[in-house]
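> Structure for this input, please:
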Amino acid sequence: MFVSFTDWEFDGNVENAVEAAKGFWPEMQKYGAVNMRATVTGENTIRTMTLWSDQKMLEANIDKIRAAAGSAVGMTVTGGMTGPLAVELD
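From the prediction side, this is the model:
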């Protein structure tokens with residue numbers, strides 16, 4: 001499994017950004033995303049963590065997803081990182 005972290009900035013409130021992300025989730029799944037979480041990091045910023053089925057799917061689609069999500073939900077990418085999942089604890 002591979003993970004992408006994306007920092008987003010938006011106009012408006014967190015609730016609208018969260019609802020927009022929920023609405024875009026089915027599109028992300030088409031590109032190989034299997035799980036997504038978002039953390040509020042500021043008044044108008046969030047960080048998403050997306051789990052991908054494999055490195056190939058992530059690398060082939062991360063830029064497409066970030067661009068499409070940004071235009072669909074009115075958010076701007078301000079940073080991001082990717083890498084292999086090292087450990088998952090429940």
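
> quick one: Met49 from Met57, how far?
Counting by Cβ to Cβ, to the nearest Å, the separation of Met49 from Met57 is 16 Å. Quick note: C-beta positions are derived from backbone N, CA and C, even for glycine.

> Next, count neighbours for Gly23.
When neighbours are counted by other Cβ atoms under 10 Å, Gly23 registers 11.

> Can I get the one helix or strand it maps to as PDB, trimmed to CA atoms?
Element membership of Gly23, judged by DSSP states H and E, is helix 14-30. Provided in PDB are the C-alpha atoms of helix 14-30 (Å, rounded to 0.1, in the frame of the first residue of the first chain):
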ATOM      1  CA  VAL A  14     -14.400  23.500   6.700                       C
ATOM      2  CA  GLU A  15     -17.900  22.000   6.500                       C
ATOM      3  CA  ASN A  16     -18.200  22.900   2.900                       C
ATOM      4  CA  ALA A  17     -14.700  21.600   2.100                       C
ATOM      5  CA  VAL A  18     -15.600  18.300   3.800                       C
ATOM      6  CA  GLU A  19     -18.800  17.900   2.000                       C
ATOM      7  CA  ALA A  20     -17.100  18.700  -1.300                       C
ATOM      8  CA  ALA A  21     -14.500  16.000  -0.600                       C
ATOM      9  CA  LYS A  22     -17.100  13.500   0.200                       C
ATOM     10  CA  GLY A  23     -18.800  14.200  -3.100                       C
ATOM     11  CA  PHE A  24     -15.500  13.800  -5.000                       C
ATOM     12  CA  TRP A  25     -14.700  10.400  -3.300                       C
ATOM     13  CA  PRO A  26     -16.300   8.200  -5.900                       C
ATOM     14  CA  GLU A  27     -14.100   9.800  -8.600                       C
ATOM     15  CA  MET A  28     -11.000   9.200  -6.500                       C
ATOM     16  CA  GLN A  29     -11.900   5.500  -6.200                       C
ATOM     17  CA  LYS A  30     -12.000   5.200 -10.000                       C
END
